[in-house]
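Engineer: one predicted model, sequence on top.
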Amino acid sequence: MKKIFAISVLAALAIAGCKKKQGSVSELHNYSTPTITLADGYYYSIPVNGLLPVIPATAYDSFYHADAVVVFDQSMLDVTKPGVYPVIATARNQYGMGNSDTLYVAVTDIDPTIDLAGTYLRVSTDDTVKVTRLANGLYRTSDVAGNGPADVTHVVPAMFVQTSTTSLVMPVQESKFGTFYATNGVVSMTPDVTYQYILHNNAFAPVTRTFRKL
């Protein structure tokens, strides 16, 4: 009898173990994110206390063949203070998989007819740099340090915004040497067009760097 009982108990446990458990079922989806397209580019300029215009943007997930809504985070934009600020664009597909992109907004009251774009010579090193206009008052220099033609290691591009006819602001930016920024930004429109600043990063000496337009 003991043997029969033991077999009966094992059979009951086996049957109980085969019962289907009730609960939620998780669905697996291939990982894919929407691609964000900013129709008017990544650079904008608005006056102090101005409003950011409507930014035409679309997002599309090519794997799931679906459009997505683009949402803009303006929490870091300070329209009361001249400078350069990031605005983050984000889009998610129907499964919550998201992608983001960054556009930059210059806040400045500079006259739109002023254009600093061109080739500049750093006075102390004879190094030439290229300054490109991205939006009104917003520029990118091809070489923020201008250490000289022989120094290719420390060539780092940087953005700055001209805030008046005599001043510029270079905010904190990322580089291969870590974050950097500049202070004492000065612009001179006569007799020659020049700009200057002091860089702050351990890879660059904290000296005044002056660039003259050729």
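Structural biologist: Okay, I see it.

Engineer: hey, let's count contacts and neighbours off CA atoms from now on
Structural biologist: Fine.

Engineer: now the closest residue in space to D73 that isn't next to it in sequence: phi and psi?
Structural biologist: Nearest residue to D73 in three dimensions, chain neighbours excluded: I88, at 5.1 Å (Cα to Cα, 6 or more residues apart in numbering). I88 adopts backbone torsions of phi -100, psi 130, taken as degrees, to the nearest 10.

Engineer: and I88, what pLDDT?
Structural biologist: Among the per-residue scores, I88 shows a pLDDT of 98.

Engineer: what about the helices in the chain?
Structural biologist: Using DSSP state H, the helices of the chain run over 2-17.

Engineer: verify the stated contact: the residue nearest to D73 with S100.
Structural biologist: Yes: with contact defined as Cα atoms under 8 Å, I88 reaches S100; the gap is 6.7 Å.

Engineer: related to what we said a few turns ago, show me what contacts the residue nearest to D73?
Structural biologist: By Cα atoms under 8 Å, 6 or more residues apart in numbering, the contact set of I88 is 72-74, 100-103.

Engineer: from Y42, how far off is the nearest residue to T183 once chain neighbours are set aside?
Structural biologist: In space, not counting the residues next to it along the chain, T183 is nearest to I198; the distance is 5.3 Å by Cα to Cα, 6+ apart. Distance, I198 to Y42, by Cα to Cα, to the nearest Å: 27 Å.

Engineer: between the two, tell me which one has more neighbours.
Structural biologist: Just comparing I198 and Y42: by other Cα atoms under 10 Å the higher neighbour count belongs to I198, 20 against 17.
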